[in-house]
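> mind folding the following:
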Amino acid sequence: MLRTADYVTTVCIVLLGTVHTTLTPLFYQDFSLGALWFAGSGLALIFAGFLNIIRIKIPETMIIIFCIIVNLMMLIFCVVAAILIRQFQAYTGLFLIMSALLFSVKCLFRFKLSER
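Take a look at the predicted model:
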């Protein structure tokens, strides 16, 4: 059950990033620094989601640790974004990344316990 929730959360992160990046031309008619940051934020979500998929499929210590670090950095980014823009998609991203971080930490503990 939790593994399914972990996978669904991760797929939602990738989808949110994909939608975010795809909508860049809708919100920015010209190629500007703001458009680049907007698209880059979506790409960061996609890459974080891909790393979480790798963690789910190949649960090795180093991958899990990298995942925790990336999820922590993304969590900080999402907290700042949610504070600054105060919109639904920012809160959604914050919730998804926070969930992915918790799943990653749980995965580390589960992996370490199975090594004993």
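
> tell me who's in contact with residue 39.
Residues near residue 39 by C-beta atoms under 8 Å, 6 or more residues apart in numbering: 20-21, 24. For glycine as for every other residue, the C-beta is placed from the backbone atoms N, C-alpha and C.

> select the longest helix from this structure.
Using DSSP state H, we find that the single longest helix of the chain is helix 88-115.

> so residue 41 makes contact with residue 19?
No - counting by C-beta atoms under 8 Å, residue 41 sits too far from residue 19 to count as a contact (11.7 Å).

> returning to that earlier point: let me have the contacts of residue 39 in JSON lines, extended by pLDDT, distance to residue 31 and secondary structure.
Listed next are these as JSON lines, based on pLDDT from 0 to 100; distance: C-beta to C-beta, whole Å; DSSP: H, G, I helix; E, B strand; the rest coil:
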{"residue": "20", "pLDDT": "93", "distance to residue 31": "17", "secondary structure": "helix"}
{"residue": "21", "pLDDT": "95", "distance to residue 31": "14", "secondary structure": "helix"}
{"residue": "24", "pLDDT": "93", "distance to residue 31": "9", "secondary structure": "helix"}
